[in-house]
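In: Got a sequence here, can you build the structure:
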Amino acid sequence: QVQLQESGPGLVKPSQTLSLTCTVSGASITTRYYHWSWIRQPPGKGLEWIGYISYSGNTYYDPALKSRTSIVRDTSRNQFTLHLTSVIPEDTAVYYCARDVPEGMDSWGKGTLVTVSL
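Out: Okay, here's the model as predicted:
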């Protein structure tokens, strides 16, 4: 059974970079044909997809966040990491990582709250 766990700081100051790591167990992030996504949910709002890194290392981002987003991976640790630069208070959200299969996102982490504030 695949499990995902987000980790990273819960508080980030405006203009800094938010970095979160997702550690995957029970499946390899290089297994065809999975994508590994980051999603967030701001307080009182719906889910927002941020982007993914594929099994082959290709990346694709939400156009609205693309200029500030990068997703990288460490295959030796079976982890992938989100970097979101120049954060603003509106980036405050619960951040989730998830496995994306052709049928949809079938496995999710529990989520981690990141607050952007002084």
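In: C-alpha only now, for contacts and for neighbours.
Out: OK.
In: Pull out the buried positions in stretch 59-71.
Out: For stretch 59-71, a neighbour-count test (16 or more other C-alpha atoms under 10 Å) marks 59-61, 69-71 as buried.
In: ok, and what's touching it?
Out: 49-53, 80-86 (C-alpha atoms under 8 Å, 6 or more residues apart in numbering).
In: try it again with 10 Å
Out: 17-21, 35-38, 48-54, 57-58, 72, 80-87 (C-alpha atoms under 10 Å, 6 or more residues apart in numbering).
In: So among those residues, which ones count as buried?
Out: By 16+ other C-alpha under 10 Å, the contacts of stretch 59-71 give 17-21, 35-38, 49-54, 57, 72, 80-82, 84-85, 87 as buried.
In: Select from these every entry located in strands.
Out: 18-21, 35-38, 49-54, 72, 80-82, 84 (DSSP state E).
In: remind me which residues of the protein are low pLDDT?
Out: Within the chain, no range satisfies pLDDT under 70.
In: center of it, which residue is that?
Out: Nearest to the geometric centre of the chain sits residue 38, at 2.7 Å (C-alpha atoms, centre = their mean).
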